[in-house]
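Colleague: need a 3D model of the following:
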Amino acid sequence: GQTDAGIKYTFGAYYYEDRSDDEWDLRHMVDAFVSHDFSPRLNVYANDSFLYTSEPDLWEGGTPYRSEWSYWRNNVQLNTTYYLTEMLGVVLGYANTYYDYEQEGIGSYSSLLDRWEHLGLLNLRWQVQPQTVAVVGYNFGYIDFISDDPIAPGVPADTRNSYNHYFYVGADHNFMPQLTGGARLGMLYAYFPNNDLDDDQWAPYGELSLRYRYGTYSYLDMGLQQKFTQ
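Modeller: This is a model prediction of the structure:
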């Protein structure tokens, strides 16, 4: 009654009839999670998502053209929610994502995109109305490019390492039993410690989401996100 857990494996196979070789592209995805309520006020949630996919892949910004785009990615998330009072809650979280692309060499996908992504978050949640929760948050992210291959001659991959600070406010609202929504609006500051070009930057950050439940076990998610990406 206090613990939920699940695991899912998804396999995809794509056949291209006009290729002379390697007619099949394959995708493997494994997702697992566990959520436990230690008390009515304290919840801990953990999730792991592993993906391996062949090219050409549009899963996370790939190219529709034939290339060595194959890669694997693993994402781990840990969140703790604790309600200090019936009205005020705190969310602490950490996410870690690892990317490893198969194409190697100068200017390759490995040099551009092999990396660790670390993200810590702190949110304060205030129950301002029975159907509305206000959110104030700060996230800190560190992007660490790990390839030994340079982006270009004399330009190492870790030149693009960055520290990212997210500042935002928002709200979650229940419009009706079937329809809920959320919004996060703020700013992101990106600092590049290994880059001497002084191109640190501010960028807008925001998320909008809606969820409509049209059946007992069925729902439709819609959303929009604006952020600094790799």
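
Colleague: which residues of this protein score low on pLDDT?
Modeller: 55-68, 198 (pLDDT under 70).

Colleague: show me where it has helices.
Modeller: 109-113 (DSSP state H).

Colleague: can you give me the strands for it?
Modeller: Assigned by DSSP state E, the strands in the chain fall at 3-15, 24-39, 42-53, 71-83, 88-101, 115-129, 132-145, 162-176, 179-191, 201-215, 218-226.

Colleague: between those, which one is closest to residue 156.
Modeller: Nearest of the strands of the chain to residue 156, taken as C-beta to C-beta: strand 132-145 at 8.4 Å. C-beta: built from backbone N, CA, C; applies to glycine.

Colleague: tell me what the closest one is packed against?
Modeller: For strand 132-145, the packing partners by 3 or more C-beta pairs under 8 Å, 6 or more residues apart in numbering; DSSP states H and E come out as strand 115-129, strand 162-176, strand 179-191.

Colleague: neighbouring strands of the second one in the sheet, and parallel or not?
Modeller: Yep, that's strand 162-176 we're talking about. Strand pairing for strand 162-176, determined by DSSP bridges: strand 132-145 (antiparallel), strand 179-191 (antiparallel).

Colleague: pull the CA atoms of it into CSV?
Modeller: This file holds the C-alpha atoms of strand 162-176, laid out as CSV (Å, rounded to 0.1, in the frame of the first residue of the first chain):
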residue,chain,number,x,y,z
SER,A,162,29.0,24.5,-18.6
TYR,A,163,27.5,25.3,-15.2
ASN,A,164,23.8,26.1,-15.5
HIS,A,165,21.7,28.0,-13.0
TYR,A,166,17.9,27.9,-13.3
PHE,A,167,15.6,30.4,-11.5
TYR,A,168,11.9,30.0,-11.9
VAL,A,169,8.4,30.4,-10.4
GLY,A,170,5.3,28.6,-11.4
ALA,A,171,2.1,26.8,-10.4
ASP,A,172,0.2,23.5,-10.7
HIS,A,173,-3.6,23.7,-11.1
ASN,A,174,-6.5,21.3,-11.2
PHE,A,175,-8.9,22.9,-13.7
MET,A,176,-11.3,19.9,-13.3
